[in-house]
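Peer 1: Any chance you can model this:
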Amino acid sequence: MAASATVKPVTVSLSDLKAGNVPFTTLLEAFGPSSLGILVVSELPSEFVSSRAKVLSNSSRLAALPPSKLESLTKEPAKYLVGWSHGKETLRPGVVDTYKGSYYINCAFYKDPNLQGVRDGAEKFPGFEEYTAENVWPSDEDVKGFKTDAEALINLIIDTAVLVARACDSFAEQEIEGYQKGYLERMVQSSETTKARLLHYFPSNDLEGSEAAKTNGADHDQPTTNGHATSTQKEAATPATEDDWCATHLDHGCLTGLTSAMFLDENSTSPLSELPSSPSPSSGLYIRDRSGKTHKVSIPRDCLAFQTDEALELITQGKFKAVPHFVRGVDISECEDQSARIARNTLAVFTQPNLDEVVDPRTGLTFGEFARGVVKRNTAG
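Peer 2: Alright, predicted model coming up:
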C-alpha cells in the first residue's frame, strides 16, 4: 500500500478547553458533518509523556508473557472484552483478527476508585458481562506497575475527555432543541461502562510464518506465544488489503481518547525503548471522509486525540458525525532493517454512557440495547 499524505487534525489547547474558549466553528471543523471526526488536545499535564511511555511499553511486556499466563488473564464469560484478548474478535464476517492483541479494562474506577466493574452490574444488567465483570490484572512480578500505571493514564485521558465533552455540550445546548444541559460531561464523569483497550500490533514478520511463529503457533481460537501465527496460517495472517490490520469501523461510544502510537523493536535488549518514529511509512491511523477518500492522521507524542463515535452522533442528532477509520501495523518490507521485529502499541479509552442511558431520544434506545448488537457483531464464535 502506498503511504497516504498525512493530514494535520484540528488542534486545541488544554488551557482553552478549561477556559471554555473553543469556538463552535472549531468544534464543527473537528466533529461536524464534513469533518474527519478527530480533535487533538495539546499542552497536557507534565506527567502525561512519562505515563504514556510506561503504559505503552508495558503492552509489549504483557504480550510476551507465556501462553499460560495470558490464558489466566483471559475472561471468556466477559466475551473476551475484559483482560487479554487475541484471536477472539472478527475483522469482518468469517475473518478472525490475529494481527493484534488487546488488553481490555473496565474504567468504573474513574467514578469510584473501589470499582473495577459496574456496581451490582451482574444483577441489574444480566448478559452484559463485558461491562459488569471485574477487571483482571497481571501481577507486578510479571509486568511491574501495570495496574497502577494504566489507571493513572486512563484517569488523565478521561479528565481531558470531560473537558472536550463540556465544549460539545456548550455547542449542543444552543444548536439542538431539547438537548439536556451538561449531558455529555455528566455522562463522561459518571459512567461506569467506559472501557479502555491497550493494543499491541504484533511484528508483521512474526505473522508471516517466521521460524518463531512456526514453533510457537496455535490455531485461531487460542492465544499464542507472543501472538505468533503458525506456518499454516501464513496466507490468512498476512495483511492483504489496506484495512486488514484493523478493519474499517466506527467506535460505538461517545468520545474515544487516543494516545499516539509507540513503535518498538522487540529484538532489542531490555529495557525496551521507543523508536523516534515509525520505520514503516504506511503504518498509522487512517480516516475515511464523507467522499470515501482516505487520510492518514498523525497524533503528536505529547498530545491526545479524541474521535467522535456512533452514540455521540445519535445524541447530537447528527450534528457531530462518527467517521469510519482503520489502523495499519508496521509493514516490515518498508523497513530498512527487515530483520527487526517492530511492534506498534497504543491506548484507546472509549467513554460510553451507562447501560440504561438513553442515547436516541427520538426512539428511546438505550446504550445497552445499542451496544449489545455491536458486541455480538464483532465477537467471533
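Peer 1: Pass me the low-pLDDT residue ranges in the stretch 51-200 of the chain, would you?
Peer 2: The model of the stretch 51-200 of the chain has pLDDT under 70 over residues 91-92.
Peer 1: now the stretch 201-350 of the chain
Peer 2: In the stretch 201-350 of the chain (pLDDT under 70), the answer is 207-247, 269-270.
Peer 1: Now do the helices for it: every range, in order, please.
Peer 2: Along the stretch 201-350 of the chain, counting by DSSP state H, counting those that start in this stretch, helices occupy 204-207, 211-216, 234-237, 310-315.
Peer 1: Which strand in this structure has the most residues?
Peer 2: For the chain, the strand with the greatest residue count under DSSP state E is strand 342-351.
Peer 1: counting contacts, what elements does that strand pack onto?
Peer 2: Contacts defined by 3 or more CB pairs under 8 Å, 6 or more residues apart in numbering; DSSP states H and E place strand 342-351 against helix 48-63, helix 146-175, strand 195-201, strand 255-259, strand 262-265. Every C-beta, even on glycine, is put in place using the N, C-alpha and C of the backbone.
Peer 1: Alpha carbons of that strand, as CSV, please.
Peer 2: The C-alpha coordinates for strand 342-351 follow below in CSV (Å, rounded to 0.1, in the frame of the first residue of the first chain):
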residue,chain,number,x,y,z
ILE,A,342,8.6,-3.8,15.1
ALA,A,343,5.5,-3.7,17.3
ARG,A,344,3.0,-0.9,17.4
ASN,A,345,1.4,-0.2,20.8
THR,A,346,-1.3,2.3,21.6
LEU,A,347,-4.1,3.0,24.1
ALA,A,348,-7.8,3.9,23.3
VAL,A,349,-10.3,4.9,26.0
PHE,A,350,-13.9,4.7,24.9
THR,A,351,-16.1,7.0,27.0
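Peer 1: Sheet partners, orientation included, of the helix or strand following it?
Peer 2: Of the helices and strands lying after strand 342-351 in sequence (DSSP states H and E), the nearest is strand 358-360. Sheet pairing for strand 358-360, assigned by DSSP bridges, gives strand 365-366 (antiparallel).
Peer 1: Check what contacts the strand it pairs with and list those residues.
Peer 2: Residues from elsewhere that reach strand 365-366 (CB atoms under 8 Å, 6 or more residues apart in numbering): 314, 355-359.
Peer 1: at 6 Å instead, please
Peer 2: With contact meaning CB atoms under 6 Å, 6 or more residues apart in numbering, strand 365-366 is reached by 356, 358-359.
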